[in-house]
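J.: sharing a model prediction with you, sequence too.
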Amino acid sequence: MALSNLAQLDGARLFSLGGSAVTLGGVVTGVLIFVVAWLLARLVSRALGGMRERSQRSAAALYLLEKLASYGLIVLGAVSGLSAAGLNLSSLALFAGAIGIGVGLGLQGVVKEFVSGLFLIFDRMVSVGDYVELDGGTRGAIAEIGPRATRIRTNDNVNIIVPNSALIEHRVTNWTLKGDTRRIHIPFSVAYGADRGKVRDAVLAAARASPFTLPETEARRSQVWLVGFGENGLDFELLVWPTAAAVKRPAGMHAAYTWLIADALEAASIEVPFPQMDVRLRSVFGREGDAALDALGLLRDAGPLERKSVGRRAGPPPSQRGATTVVNDAAEDLLNAPPDPAEEDRDADT
């Protein structure tokens, strides 16, 4: 008796659509099929995400496979569920087309972002883990390319949601395309009169000893350029090829190399320039030279050596400065940097 009641309940007709009868049992079966497909999509996404964390070389390909498998299982589950519910999809093609046009007009923005996301995944000009810079100056690592938007995580652990179409329609600078590095320029200055060869040797030695500098090759060499004559000293630039991990932390990398340059110049007793101004008095009250300065009372208690440097204030030479050991915080920040933001969060919802 109970089985017959269940059979009647299972075959209970709810409504007809497109010439097909929809029963209660069919609806339950369709829902179960869709739920199973959704759970399988989640499991596949988790499994491929775990493989992506362990494999650096094929991370981009695994991410592409993860998204395709997840979307494919969900779409397959939806179609199979509708068929199991008793809907004749072929007879509903015209009706579904009309509905699709209406939904497309209303949700054209969502469709646009979804298609843009597919283009990003297949084009691979930007991939998960790449460090990018947008037109507005936003910089960070791509943590996830979703169906509607891309999540970019900055080095300050701030997540920025950017529409997928913005990465296609606007200019994007990819600092680590295909895992590569780039050359950086670190400006610094020394006082006039410094030995340029000594400056070059000291700074290059510090840069090459840095753990953030890649080993030199014929095409990628560390260099020091003299780029100009400043108001107070000679302007140089250190050109260096850093590691890919350091490139993803540009502010800390720049600060770390600047600190290394300062240490190298101090160790070599090379003076760093400071703003200064010389004042020459031609005449005061009809007097010239020291007589004019005496008239102003500036040399009343000054010795002969001090007379020559009136109007100039200089700090103590490097040899007389305290040799206090300090810590390069930027270098420690680079060395102790957390894993790539994209590798920290692999559990993205499908």
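T.: Here it is on my side, so go on.
J.: who's in contact with the nearest residue to Trp175 once chain neighbours are set aside?
T.: Leaving aside its sequence neighbours, Trp175 sits nearest to Tyr131 (CB to CB, 6 or more residues apart in numbering; 4.5 Å). For every residue, glycine as well, the C-beta is placed using N, CA and C. Neighbouring residues of Tyr131 by CB atoms under 8 Å, 6 or more residues apart in numbering: 139-141, 174-176, 247-248.
J.: domain parsing for this protein?
T.: Domain ranges of the chain: 2-106, 121-178, 181-274+320-335, per automatic domain parsing.
J.: which residues in the protein form strands?
T.: 13-17, 20-23, 131-134, 139-145, 149-153, 159-163, 172-174, 184-191, 223-229, 233-240 (DSSP state E).
J.: which secondary structure elements does the fourth one contact?
T.: With contacts defined as 3 or more CB pairs under 8 Å, 6 or more residues apart in numbering; DSSP states H and E, the secondary structure elements packing on strand 139-145 are helix 108-123, strand 131-134, strand 149-153, helix 341-344.
J.: give me that answer again for 10 Å
T.: helix 59-84, helix 108-123, strand 131-134, strand 149-153, strand 159-163, helix 164-169, helix 341-344 (3 or more CB pairs under 10 Å, 6 or more residues apart in numbering; DSSP states H and E).
J.: for Lys112, which of the domains of the chain is the nearest?
T.: Among those, the nearest to Lys112 by CB to CB is domain 121-178 (5.8 Å).
J.: between the two ends of that closest one, how far is it?
T.: For domain 121-178, the first-to-last residue distance is 14 Å (CA to CA, to the nearest Å).
J.: quick one: which of the domains of the chain is nearest Phe114?
T.: domain 121-178 (5.1 Å).
J.: about what we covered before: in JSON lines, list the strands of the chain along with distance to Leu120 and mean pLDDT.
T.: Converted to JSON lines, the strands of the chain look like this (distance: least, CB to CB, whole Å; pLDDT from 0 to 100):
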{"stretch": "strand 13-17", "distance to Leu120": "37", "mean pLDDT": "59"}
{"stretch": "strand 20-23", "distance to Leu120": "39", "mean pLDDT": "66"}
{"stretch": "strand 131-134", "distance to Leu120": "11", "mean pLDDT": "90"}
{"stretch": "strand 139-145", "distance to Leu120": "5", "mean pLDDT": "88"}
{"stretch": "strand 149-153", "distance to Leu120": "7", "mean pLDDT": "90"}
{"stretch": "strand 159-163", "distance to Leu120": "11", "mean pLDDT": "92"}
{"stretch": "strand 172-174", "distance to Leu120": "10", "mean pLDDT": "89"}
{"stretch": "strand 184-191", "distance to Leu120": "27", "mean pLDDT": "94"}
{"stretch": "strand 223-229", "distance to Leu120": "36", "mean pLDDT": "92"}
{"stretch": "strand 233-240", "distance to Leu120": "31", "mean pLDDT": "93"}
